Every structure is written in C-alpha cells, then in structure tokens.
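# Build me a model:
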Amino acid sequence: GSNHHRIPPMDVRTGSAATATASTPVALKMQIYDALVAHSPNSEVDRKWAQYNEALRSFFHGNLSKAELDSAILGTLGGGPATHHHNRLILALLCNAQREHEAC
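Model prediction:
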C-alpha cells in the first residue's frame, strides 16, 4: 500500500503527534487504517475509512445495532487484519471505560 494515506499518531489528550503504544485506541485505529491501505485499492481507501468511522460513530451513538455494526465492518474492512485490529479497538475502549473501577 501507499504511504500517502498514513494518519500520524495523535495523543488524544493533547491532540499532538505522539508515539502511541500498540494497544491504545489511537494506535489501534492507525493499525486498522494501515491494514485497510494494505488490502484495498487506493481509490477505495478514503471511502472505506469514512464508512468505517461513520459506522463506529453511529454504533456508539445508539443508531446501529451490533448486527448492523458487524455488517458495516465486514462491508468496509472485510475480514483479516483490519477486522482483527477493530476487535482489539473495541476491547481497548471497553477496558478504558472500566479503568476507573477495576484493572483490565
């Protein structure tokens, strides 16, 4: 895949570029994007990335069921590495949501 689509890692607390560890939500989103770039024609990457983010946003706002999210994820990311990283992202977000109350 081409490197011109690469999104710089961002520190979500400060909004500045930072080196993120492999399991942070920001790093996982970058891994999803990188896998999308590696396994999609360049002409489809931006459209698929936008569709993926919209599906994720809609799910978290309660506008998509899990079945609808699953369908959207498979439609935009397909199977393989991008979907694996997506699943890791969901787990990281859930872990972060529970962090105040218990260790993950």
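# Tell me the helices and strands packed up against the strand or helix carrying L94.
L94 belongs to helix 81-98 when elements are defined using DSSP states H and E. In this structure, helix 81-98 packs against helix 25-39, helix 66-77, with contacts taken as 3 or more Cβ pairs under 8 Å, 6 or more residues apart in numbering; DSSP states H and E. All C-beta atoms are positioned from the backbone trio N, CA, C, and that covers glycine.
# Please identify the buried residues of that helix?
P81, A82, T83, H85, H86, R88, L89, A92 (16 or more other Cβ atoms under 10 Å).
# and the angle from that helix to helix 25-39?
Between helix 81-98 and helix 25-39, the angle comes out at 170 degrees (axes from the mean of the first three to the mean of the last three Cα atoms, to 10 degrees).
# Export the buried residues of helix 81-98 as a markdown table, with columns for distance to Q98.
Shown next, in a markdown table, are those (distance: Cβ to Cβ, whole Å):
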| residue | distance to Q98 |
| --- | --- |
| P81 | 26 |
| A82 | 25 |
| T83 | 23 |
| H85 | 20 |
| H86 | 19 |
| R88 | 16 |
| L89 | 15 |
| A92 | 11 |
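# Before I go, just wanted to say thanks for your time.
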